[in-house]
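In: for reference, the sequence and a predicted model appear below.
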Amino acid sequence: MDCSPSSSDKKTLKRWFFIDKRLKSNHSSPVLTDPIPVNNSRLGIHSNLLSYQQSGGSLSSGKYMTIPRKKPGKLEDVWSNGWLEAMRSSSPPRKRLIKDKDFTIEAAADDFDIAYCSWMIKYPSALKSFDQILKNAKNKKVAVFLDYDGTLSPIVDDPDRAFMSDSMRSAVRDVAKYFPTAIISGRSRDKVYELVGLTELYYAGSHGMDIMGPVSHAESGDHPNCIRSTDQQPGKEVNLFQPAREFIPMIDEVFKTLVENTKDIKGANVENHKFCTSVHYRNVEEKNWPTIAQRVHDILKDYPRLRLTHGRKVLEIRPVIDWNKGKAVEFLLESLGLSDRDDVLAIYIGDDKTDEDAFKASKYNSNSRFTVFRERNLGYGILVSSVPKESNAFFSVRDPSEVKKFLKALVTWKKFEKA
Ligand SMILES: O=P(O)(O)OC[C@H]1O[C@H](O[C@H]2O[C@H](CO)[C@@H](O)[C@H](O)[C@H]2O)[C@H](O)[C@@H](O)[C@@H]1O
């Protein structure tokens with residue numbers, strides 16, 4: 001779809017603004033929003049509100065190796081804390097629907113396209129804005145951060161079959177030849193490394209809680225959770241940074257309990273990412289979503305040091321520490337010696353709610369210690385989305401195929417600049 005306005009669009013645009021106005025007058029917007037669980041003091045709390053070092057509360061519930069079969073709680077829990085609402089809006093609809101928290105209307109293709117074009121005024125295409133990006137990148141050190149699922153690989157029903165294409169792999173390999181490049185994924189670091197298979201990159205798994213980065217130029221290398229290692233990535237000395245190390249036994253225990261307690265729900269799938277665990281409901285019938293949500297909720301009640309976040313048709317359980325993909329980007333920039341400088345442009349491409357933390361990331365800077373990417377043009381967040389949704393990103397691309405075009409364009413620019 002081409003979103004450049006043409007004269008023939010005028011009529012339809014007018015029609016769209018009329019629809020838009022009508023929806024707004026009903027306190028509604030055609031843009032998908034991510035409802036944040038309300039009414040839940042613990043399980044849905046935003047990580048930024050929590051300090052990194054948590055005091056009190058034991059690390060384990062003391063039940064390692066025994067898997068308790070939970071007594072079901074009341075279904076009202078998951079209604080009242082907003083989980084179900086968040087689950088329903090957790091992935092872009094495949095059908096052309098305009099959704100709002102109060103109602104869903106089936107949109108004619110035209111209306112949907114116009115909604116998308118109107119959304120792109122706020123989140124312009126990174127491909128069409130490439131000249132603007134280059135203008136800002138000129139004479140700067142560019143660093144590239146990439147999410148995996150939905151960004152480098154298309155979303156598919158089976159998480160074990162989310163492969164990236166060879167052409168995408170070669171585009172990422174080329175990018176890494178010219179720019180420091182890292183993958184920041186919700187998956188375990190081992191799994192995402194297995195899927196990407198490139199030694200040229202740095203990897204952060206478990207939403208940034210397991211970072212294999214460069215041997216540090218800065219203080220981050222002296223962090224107590226940093227281990228220097230040479231054997232993890234062939235030919236490279238790397239730093240391993242694992243701020244949630246102490247949670248490994250607890251996550252393993254919760255993972256086993258989740259497997260046991262969801263095994264009778266058809267389509268449920270639990271993954272262990274070592275520092276966090278995911279419960280997929282993409283293949284669970286919608287009528288059973290309240291049940292799966294309630295089971296997870298009941299288990300988490302026993303773990304005050306774990307919290308829940310929502311991904312694309314997945315419930316993610318992770319430690320209550322002030323660490324996320326945004327912090328991982330900051331950490332990697334610091335390790336790369338790219339923090340305390342103005343001549344750096346960080347580009348982050350991602351599709352999911354957890355990528356929003358990275359879109360909001362700050363960069364250390366001598367003038368003001370934390371400088372938000374978006375406000376100072378020190379970095380660009382690029383959201384991958386084929387439907388309108390609210391984001392902290394600056395630009396957008398529609399899908400992984402546009403991500404690949406963008407990466408290739410970066411490489412072509414750099415080659416040309418060097419020649
Ligand atoms: O941060 P990411 O690299 O994007 O990882 C986030 C989650 O991605 C995977 O789940 C998502 O992709 C699956 C495969 O396309 C899809 O089936 C699932 O519905 C999506 O949520 C991964 O399996 C999760 O563990 C990650 O947390």
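Out: The structure has been received and is ready for your questions. Numbers count the residues shown, from 1 in each chain.
In: make sure T151 is actually in contact with D399.
Out: No. Look at T151 against D399 with CB atoms under 8 Å: they stay out of range, at 9.3 Å. (Glycine included, C-beta is placed from N, CA and C.)
In: look up phi and psi at R307.
Out: When read as degrees, to the nearest 10, the backbone of R307 gives phi -140, psi 170.
In: and the pLDDT at the closest residue to it other than its chain neighbours?
Out: Nearest-residue entry for R307: V320, 5.0 Å, with adjacent residues in sequence omitted and distances by CB to CB, 6 or more residues apart in numbering. At V320, the model reports a pLDDT of 96.
In: same deal with D110?
Out: D110 is assigned 71 on the pLDDT scale.
In: just to revisit the earlier point, which of T151 and D399 has more residues huddled nearby?
Out: Using other CB atoms under 10 Å as the criterion, T151 and D399 rank with T151 on top: 27 against 15.
In: check contacts around the more buried one.
Out: Listed by CB atoms under 8 Å, 6 or more residues apart in numbering, the contact set of T151 reads I349, G350, D351, V384, P400, V403.
In: what is the nearest of these to F241?
Out: F241 lies nearest to G350 out of those, by CB to CB, at 19.9 Å.
In: just want the phi and psi numbers for the closest one.
Out: Dihedral angles (degrees, to the nearest 10) for G350: phi -160, psi 160.
In: residues contacting the residue lying closest to it once chain neighbours are set aside?
Out: Leaving out its chain neighbours, the residue that sits closest to G350 by CB to CB, 6+ apart is D147, at 3.4 Å. Residues near D147 by CB under 8 Å, 6+ apart: I183, I184, S185, K325, Y348, I349, G350, D351, D352, D355, A358, V384.
In: quick one: name the residues of the stretch 151-300 of the chain near the ligand.
Out: I155, V156, D157, P159, A162, S185, G186, R187, E271, S278, H280, R282 (CB under 6 Å from any ligand atom).
In: sorry, back to before: so what sits against both of T151 and D399?
Out: With CB under 8 Å, 6+ apart, T151 and D399 have common neighbours V384.
In: of the contacts of D147, which belong to strands?
Out: Mapping the contacts of D147 onto strands (DSSP state E) picks out I183, I184, Y348, I349, G350, V384.
In: any of the contacts of T151 buried? List them.
Out: Among these, the ones that count as buried by 16 or more other CB atoms under 10 Å are I349, G350, D351, V384, P400, V403.
In: want to throw these into a markdown table with distance to the ligand?
Out: Converted to a markdown table, the buried ones among the contacts of T151 look like this (distance: CB to the nearest ligand atom, whole Å):
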| residue | distance to the ligand |
| --- | --- |
| I349 | 11 |
| G350 | 7 |
| D351 | 7 |
| V384 | 10 |
| P400 | 11 |
| V403 | 12 |
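In: would you point out the most distant pair within those residues?
Out: Going by CB to CB, the pair spanning the buried ones among the contacts of T151 furthest: G350 and P400, at 11.4 Å.
In: any common contacting residues for those two?
Out: With CB under 8 Å, 6+ apart, G350 and P400 have common neighbours G150, T151, V384.
In: now render those as a markdown table, adding pLDDT.
Out: What follows is the shared contacts of G350 and P400, written out as a markdown table (pLDDT from 0 to 100):
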| residue | pLDDT |
| --- | --- |
| G150 | 97 |
| T151 | 98 |
| V384 | 97 |
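In: of these, closest to D298?
Out: The closest of the shared contacts of G350 and P400, once distances to D298 are taken by CB to CB, is G150, at 29.2 Å.
In: my guess is the closest one contacts S386. True?
Out: No. Between G150 and S386 there is no contact under CB under 8 Å: 10.3 Å.
In: can you show me the strands along the stretch 301-419 of the chain?
Out: Ranges of strands in the stretch 301-419 of the chain, per DSSP state E, counting those that start in this stretch, are 306-311, 314-319, 344-350, 362-364, 370-372, 379-384, 395-397.
In: between the ones you listed, which one is nearest to T291?
Out: strand 314-319 (12.5 Å).
In: confidence-wise, which helix or strand of the chain is lowest on average?
Out: helix 9-25 (a mean of 38; mean pLDDT, DSSP states H and E).
In: before we move on, back to that, now the buried ones among the contacts of T151 as a markdown table including distance to K135?
Out: Below are those laid out as a markdown table (distance: CB to CB, whole Å):
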| residue | distance to K135 |
| --- | --- |
| I349 | 19 |
| G350 | 23 |
| D351 | 26 |
| V384 | 23 |
| P400 | 26 |
| V403 | 21 |
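In: tell me where the stretch 151-300 of the chain has helices.
Out: Per DSSP state H, counting those that start in this stretch, the stretch 151-300 of the chain carries helices over the ranges 166-178, 189-196, 248-262, 289-300.
In: domains in the protein, by residue range?
Out: Using the TED database, the domain parsing of the chain gives 106-211+340-417, 247-319.
In: could you tell me the least trusted of these?
Out: Lowest mean pLDDT within the domains of the chain: domain 106-211+340-417, at a mean of 89.
In: P249 versus D322, what's the distance?
Out: 21 Å (CB to CB, to the nearest Å).
In: what does Q132 give?
Out: Distance check for Q132 against P249: by CB to CB, it reads 49 Å.
In: how about the residues of the stretch 301-419 of the chain near the ligand?
Out: G311, R312, K313, V314, E316, D352, T354.
In: can you put the residues you listed in TSV and add neighbour count?
Out: As requested, these are exported to TSV (neighbours: other CB atoms under 10 Å):
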residue	neighbour count
G311	20
R312	17
K313	17
V314	21
E316	22
D352	29
T354	23
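In: and the residues you listed, which two are the farthest apart?
Out: K313 and T354 (13.5 Å).
In: what about D160, how many residues nearby?
Out: D160, neighbours per other CB under 10 Å, totals 10.
In: now render the domains of the chain as CSV, adding distance to R88.
Out: Listed next are the domains of the chain as CSV, based on distance: least, CB to CB, whole Å:
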stretch, distance to R88
domain 106-211+340-417, 14
domain 247-319, 8
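In: quick one, which of those domains is nearest to S90?
Out: Closest to S90 of the domains of the chain is domain 247-319 (CB to CB; 5.2 Å).
In: for the nearest residue to S391 once chain neighbours are set aside, give the beta-bridge partners.
Out: Among residues not flanking S391 along the chain, L383 sits closest, at 4.5 Å (CB to CB, 6+ apart). Beta-bridge partners of L383, counted by DSSP bridges, are G350, S396.
In: who's in contact with L383?
Out: Y123, G350, D351, D355, F359, K389, S391, A393, F395, S396, V397.
In: could you check how far the fifth one is from F247?
Out: With distances taken as CB to CB, F359 is found 25 Å from F247.
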